[in-house]
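*Asks:* what follows is a predicted protein model with its sequence.
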Amino acid sequence: MKNIYKKSSIISENAFCPGCLHGVASKLIAEVLEELQIHQKAICVLPVGCGTLNMESLKLDRVVAAHGRAPAVATGLKRSLPDNIVFTYQGDGDLASIGLAEIIHAANRGENITVIFVNNSIYGMTGGQLAPTTLVQQQSTTSKFGRNTSTMGYPIKMAEIITQLESPTLVARQSLDSPRNIIAAKKIIRRAFENQMNHKGFSFVELLSNCPTNWKMKPIDSLDWMRSNVIPYFELGILKDVEGGK
Amino acid sequence: MSQLFMKGNEAIAESAVRAGCEFFAGYPITPQNEIPEYLSWRLDEVGGVFVQGESEVAAVNMIYGASCAGKRVMTSTSGPGLSLKAEGISYLAASRLPAVIVDVARTGAGLGQIKPGQNDYWFVKSPGHGGFKTIVLAPHTVQEAVDLTYMAFDLADRDLAPVIVLADGVIGAMMEAVTLPPFKDTYPDKTSWILNGAENRESRIISSVTNDLNKLESFHVYQKELYESWGRKDVMVESFMASDAEYIIAAYGTSARIAKTAIRILREKGIKIGLIRPITIVPFPYEAFEDLPYNNVKGILVTELCIPSQMIDDIQLGVLKRIPVHTFGRGGGFIFSPEDIIDELNKVFSLED
């Protein structure tokens, strides 16, 4: 029988909630690293939040940074070990709220690292509080009546902000809601790592994700909600691609 | 070996280079700016890495990352910046990562003033959340700042822990003759724990978090044992004219060198006075105070460039109320003179009556 699918050897258990797309993000990273044969050179900088659970699932050298500081830790690692592959895996609270300075400045310095930003519009690990990316009118445990723009502002579009900087060479946003988008996400993750291998500088991939547990939805409904609410606000596509002339 | 005339901050920076510091990240703050300024070009010369972080928060996390890679790392700052680095220092301690942190202390809480002060004493003993300690080395000359910085890297590597060099704005800004140490050419082997890619070995994790509570508690027990071991082997203290002293000044850093001058003046007048100078703030030399001849010593004056006194807590622990202890300090960035100390001694002990 022909073997058409093989689980990546660097993924162990899935530590995430049932129906959560973090597991898909981790799987795609693992597959890409293995396909590019760089998994033995890779160092993963983990965030504080649900992404921390990758400490259980990714069989790579990895370090858990303080909340939001992964890009600074990655800077120290990559500058010390320029021949290794260094990437951060960060959620929206980690990257777009407490770690805003670290991500902007690592991007602006053009650190030759890869950033995987998993945006599920909520603080998952702490139980569903308002995130910088929570949608307008979306409910959370600290916005019971929905995000009110007059006091809570609007969801932050990180990929667009990173795109404004001169140094980053690849900035993209994809979604993990469907097989079609997952295939596209894997393709762009692969490019982001190839960029680093080719010493092209800072790559940023935002992956739209879900949180059935804290959105209080069935996983299947969370995907529908992504399609009708999240994706229309956070536009998918490649925002900046210096190699590709964009 | 030839001597050089160097500014304290630059001497600290050069000593770090000679100790094998390969990675420095910092953020501008007075009165330590000459350290990052010097290292910004000097590390480049020796093949090291200098990064100016976007904040103290970022800088300490950059050295966290470089320490994961096995590099000898340092950052430097002053009080307000140390507050911001407290998070990262806690993570360094909890992740068992060696690092050297230089605090060129200034005066006051909040923004305070850029004038010299010894206001971070309480803070540097456990500079972060969660209950950990750092070895703290407190120089009182530029030469000692060089020697202690050099030593700090070895202590950090020995214990896999952050080590603090506590200087102050006077030590950082003054110029003195120094003999620089040789370039180190051998370093501890870190290949058993660093992150450099899981090639032909199991993958590793460096983390301050674990879901294994027994493992976490074992680490806490390890910390306790580590701190106790410091008390046995790492205490450094200078006893200056103190063996027959009836009066003792307790001081560290800049205030200790001012006290030495006061003591020399008083000794010429036949007054039996001496200095006990902690060189390690952590571990504190309690024994130097426990072992004082209590029937002979009439009083202790703790002198510091801060108000209120901070070191008095440790002096009292050593003395346990067996000798009267007074404090004398200046706040606001003012520096007292030897004569100010003598006046205070006369006031509290009627020395020259």
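*Replies:* Great, that's in hand. Source: prediction; values computed, not measured.
*Asks:* what sits against the residue of chain A most remote from its centre?
*Replies:* Largest separation from the mean C-alpha position in chain A: residue A:1, at 35.8 Å (CA atoms, centre = their mean). Applying CB atoms under 8 Å, 6 or more residues apart in numbering or on different chains, we find residue A:1 in contact with no residue. Backbone N, C-alpha and C define where each C-beta goes, glycine included.
*Asks:* how about residue B:303?
*Replies:* Contacts here follow CB under 8 Å, 6+ apart; on that basis residue B:303 touches B:249-251, B:255, B:258-259, B:327-329, B:336, B:341, B:344.
*Asks:* kindly report the same for residue B:194.
*Replies:* Counting by CB under 8 Å, 6+ apart, residue B:194 has contacts B:68-70.
*Asks:* so residue A:133 is in contact with residue A:96, correct?
*Replies:* Yes. In terms of CB atoms under 8 Å, residue A:133 counts as a neighbour of residue A:96; the distance is 5.8 Å.
*Asks:* between the two, point out the one with more neighbours.
*Replies:* Neighbours were counted for residue A:133 and for residue A:96 using other CB atoms under 10 Å in any protein chain shown; residue A:133 has more, 27 against 23.
*Asks:* measure the more buried one to residue B:175 for me?
*Replies:* As for residue A:133, its distance to residue B:175 is 53 Å (criterion: CB to CB, to the nearest Å).
*Asks:* residue A:35 now?
*Replies:* Counting by CB to CB - residue A:35 and residue B:175 are separated by 59 Å.
*Asks:* what does residue A:71 give?
*Replies:* With CB to CB as the criterion, residue A:71 and residue B:175 are 38 Å apart.
*Asks:* now residue B:255
*Replies:* Applying CB to CB, the value for residue B:255 to residue B:175 is 19 Å.
*Asks:* now render the contacts of residue B:303 as CSV, adding pLDDT, secondary structure and neighbour count.
*Replies:* Formatted as CSV, those follow (pLDDT from 0 to 100; DSSP: H, G, I helix; E, B strand; the rest coil; neighbours: other CB atoms under 10 Å in any protein chain shown):
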residue, pLDDT, secondary structure, neighbour count
B:249, 98, strand, 30
B:250, 98, strand, 29
B:251, 98, coil, 29
B:255, 98, helix, 29
B:258, 98, helix, 23
B:259, 98, helix, 27
B:327, 98, strand, 20
B:328, 98, strand, 22
B:329, 98, strand, 23
B:336, 98, coil, 20
B:341, 98, helix, 24
B:344, 98, helix, 20
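*Asks:* ends of stretch A:115-132, how far apart?
*Replies:* Distance across stretch A:115-132, first residue to last, is 18 Å (CA to CA, to the nearest Å).
*Asks:* how many residues are close by the closest residue to residue A:154 other than its chain neighbours?
*Replies:* Nearest residue to residue A:154 in three dimensions, chain neighbours excluded: residue A:136, at 6.5 Å (CB to CB, 6 or more residues apart in numbering or on different chains). Residues lying near residue A:136 (other CB under 10 Å) number 14.
*Asks:* wait, what's in contact with residue A:136?
*Replies:* A:146-147, A:149, A:154-155, A:233.
*Asks:* what about the helices in chain B?
*Replies:* For chain B, applying DSSP state H gives helices covering B:8-18, B:34-45, B:56-68, B:79-94, B:121-124, B:142-159, B:169-173, B:213-233, B:253-268, B:286-290, B:312-319, B:338-349.
*Asks:* quick one: buried residues of the helix of greatest length in chain A?
*Replies:* The helix spanning the most residues in chain A, taking DSSP H as the definition, is helix A:179-197. Going by neighbour count (16 or more other CB atoms under 10 Å in any protein chain shown), the buried part of helix A:179-197 is A:181-182, A:184-186, A:188-196.
*Asks:* I'd like the residues you listed written out as JSON lines, with pLDDT added.
*Replies:* Output for the buried residues of helix A:179-197, formatted as JSON lines (pLDDT from 0 to 100):
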{"residue": "A:181", "pLDDT": "98"}
{"residue": "A:182", "pLDDT": "98"}
{"residue": "A:184", "pLDDT": "98"}
{"residue": "A:185", "pLDDT": "98"}
{"residue": "A:186", "pLDDT": "98"}
{"residue": "A:188", "pLDDT": "98"}
{"residue": "A:189", "pLDDT": "98"}
{"residue": "A:190", "pLDDT": "98"}
{"residue": "A:191", "pLDDT": "98"}
{"residue": "A:192", "pLDDT": "98"}
{"residue": "A:193", "pLDDT": "98"}
{"residue": "A:194", "pLDDT": "98"}
{"residue": "A:195", "pLDDT": "97"}
{"residue": "A:196", "pLDDT": "98"}
